[in-house]
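Predicted model, plus sequence, below.
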Amino acid sequence: MTLSFTRRPKEAMPETAPPPRPRPFSLPRSGWPIWSIPLAIVFSWVFPLITHLLAIDWMLPIALLIAIASVLKGGSTILDRIMLSMAILLGTTPVAGLLISVWPWGLAPVPVAGFAFTGVVIIAALLRRTPQFPPVRVDGDVITLGFSLVAGLSLFWTYLGQDATGRFTAVIPGGDAARHFAMVDTIRGLSGYMFMNQAKAAEFVDAGTAGGLVTYPQGGHFTAALLMSFIHSDGSQQIALHELDAFVWIVTSSYLFLCVAVLWAMRRIAGQLPLFVHAVAAFLVVIFLVWNEPLTILFYGYWAEILGLAELALLTGLIVRPLRSTKEQGVVMAALLVAIAFTYFFILPIAAAASAAWVLYYRTRVWRHRWFFASVLAVALPAASVMLYVNMSKYSGTEHVEASGGIIALNLRQVCMLGFLIVGLIATGAVWRSLTYRGYLTVLACALGFLAALGLNQYRRLGSLNYYYDAALSYYFLKATHIVVIVVVLGVGLAARRLVMLTRKMGRPTLRTPLRRVAVAGALTLSIMAMFGPLGDPRPFGRDYILGDPPFWVWPAQAAVATAREVPVDPDAMTVIWAGQNRGIPAYATAWAGSLLRNQDVNYTAEVWGGFAGEDNLTHLAEQAKSRDVYLRVVTDAPEIIAEVEQIQQDRPDLDIRYVKVVLPA
């Protein structure tokens, strides 16, 4: 038997060849040439020097973010790389702060940036990774970035046409924000962490009986202080009002970052979505976070919590839908856990439990790289334990949970309705067989379990979950509801994907004509706005805040700024802004004045007194000042208050009370 082979003729090439596939921009894939490494290190220092000479150091954090993103492998889009790079920076910056707090250059931008760029170059060279980015694609990133822009315009709407004092009005309602600013400003003055120089820090912020603000988790505060060095092109402490204006921008930008993190994580959790469905889901997220009650987190000044929630959102996105590179997944997750521990470790139990569940679900992948994960854990665990040890050694976990504070209870009806809808849609499929659905439900279960544990503790102590019954036990219980809200919102995209799958099984909806698409989009938009956003009665909190209602926060802002400008800094003075009853909000004005005058430590007593001034008198406050070995300084322009101070001086010569006449707003 003879076998014969016939060569097939070559097919003719088409007249028009298909366009070549886009290739990512990259240097040679063989790694770094030897000569390029010292050249890159030299450029790592020359570039910061040039930007510093031109006073444009603000470019350096952006360049560092892009540099780290360019040597990563994870993520299929440029936005993915940027968010992963941000996650790494959020975890490594607080750890680097331990070294920066003791080296001789302080927060100077050039040494910080020079060493940071050098570290990126060395690590990339060791890993043989050259800078490259994924191809630019028009996909879900456009929706994410577009609605992030909508959130940014909404949040910064009140800044339009405002000077520094007008912008300050947007954050002054948060009494906690005044203390956060005092911490950032003190870190700027010390050029490092407060807990590493507690005696000196106690001269500026409240040390308290258990460490107070000195041992408060301050990873986010250090990052903000370092960022201010790049904004001011100077690592030294500026005058308080200049520092305040930068802090105001950072606080509002932090809430915008939370919105971007939630939008990105929601999109990542959902996977591929039709652009129309993705747009509706993203619009729901923005309307709910920006125009509704979650904005009270920004209103009350819970800045550290905002950063912690953003980090949890990023972590949830990676737990539910991990990166292809298991090693890179482990590094980014470890960085986020360290960031949460340094920034707001109240969230750490949820983050740690969800991360442990991920290790269990992907145990085969983890076991293949067990020694690498052991090395990452050996570095991350001590780093994450630093802030826990500093704080817990002076303030027990029970004292944390049962701490008091002012807080607004969110309307949980909307969240419960949205949560039940999401879980119901997810439960229509074989959820436990899918690692995506299983991962999201695990994170949600961890958040709900944490909330339930705090609720049971409160019910055991009081027999009630009513916030107004005992604020001391309800404060962190309601803080835990904020975590649940964010985790629920992250499931919107996953529920939308499940809804699309169900509709396809029942028959493709007839939305082929543009008119029908516009009608459906309009109906969904109006329903979402009526349920969560600007429409509806009563008006949602977010709308009032963004549009500047109510306007009475202008008084404490103007009063605090006027005091900071005209009253000299005196560490031996307890300063209270007091223009009489029924005029302004003296408690908030006094709180911010104490932070701006850089003696928040002794001024905290005056702040509390300002909140109950109708039930007390200046004599009692002067006695409290005497017990602190300081004198009482009353800032006022009211003749009756001046007369009262002069009368106390005559009747009680043992008390050192003085007044400073400053024109306060009407």
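Received it, and whenever you're ready, just let me know what you need. Numbering: from 1, shown residues only.

can you give me the helices for the stretch 551-666 of the chain?
Per DSSP state H, counting those that start in this stretch, the stretch 551-666 of the chain carries helices over the ranges 554-566, 586-596, 600-611, 618-627, 639-651.

If you could redo that for the stretch 251-400 of the chain, that was the one I meant.
Assigned by DSSP H, counting those that start in this stretch, the helices in the stretch 251-400 of the chain fall at 275-290, 296-299, 303-320, 326-343, 348-361, 363-368, 370-392, 397-401.

For the fifth one, what is the distance to the chain centroid?
Average the C-alpha atoms of helix 348-361, do the same for its chain, and the two points are 21 Å apart (CA atoms, centre = their mean, to the nearest Å).

Skipping adjacent residues, who's closest to residue 485 in space?
Using CB to CB, 6 or more residues apart in numbering and skipping residues adjacent in sequence, the residue nearest residue 485 is residue 415, 5.3 Å away. For glycine as for every other residue, the C-beta is placed from the backbone atoms N, C-alpha and C.

ignore the last one, residue 195
residue 390 (4.7 Å).

what about that neighbour, how many residues close to it?
21 (other CB atoms under 10 Å).

hang on, it packs against residue 215?
Yes. Taking CB atoms under 8 Å as the definition, residue 390 is a contact partner of residue 215 at 5.1 Å.

got any residues that touch both of those two?
Residues touching both residue 390 and residue 215 by CB atoms under 8 Å, 6 or more residues apart in numbering: residue 195.

Please identify the deepest-packed of the helices of the stretch 251-400 of the chain.
helix 303-320 (a mean of 27; mean count of other CB atoms under 10 Å).

Can you find the helix or strand in this structure with the smallest mean pLDDT?
Lowest mean confidence among the helices and strands of the chain (mean pLDDT, DSSP states H and E): helix 514-532, at a mean of 57.

how far away is residue 275 from residue 281?
Distance from residue 275 to residue 281, counting by CB to CB, to the nearest Å: 11 Å.

again, but for residue 325
Taking CB to CB as the measure, residue 325 falls 27 Å from residue 281.

And residue 241, by the same measure?
In terms of CB to CB, residue 241 sits 42 Å off from residue 281.

Could you do residue 109 as well?
Computed as CB to CB, the residue 109 to residue 281 distance reads 39 Å.

next one: residue 562
46 Å.

and what of residue 245?
For residue 245 relative to residue 281 (CB to CB), the value is 36 Å.

Kindly report the same for residue 315.
From residue 315 across to residue 281, the span is 20 Å (CB to CB).

Then residue 350?
23 Å.

Flag the shaky bits of the stretch 151-300 of the chain, pLDDT-wise.
Within the stretch 151-300 of the chain, the ranges that satisfy pLDDT under 70 run 208-211.

count of neighbours near residue 243?
Residues contacting residue 243 under the criterion other CB under 10 Å number 23.

Hmm, residue 227 and it touching each other?
No. Judged on CB under 8 Å, residue 243 makes no contact with residue 227 at a distance of 11.6 Å.

what is in contact with the two at once?
With CB under 8 Å, 6+ apart, residue 243 and residue 227 have no common neighbours.

Just give me the lowest mean pLDDT stretch among the helices of the stretch 551-666 of the chain.
Ranked by mean pLDDT, the helices of the stretch 551-666 of the chain bottom out at helix 600-611, with a mean of 76.
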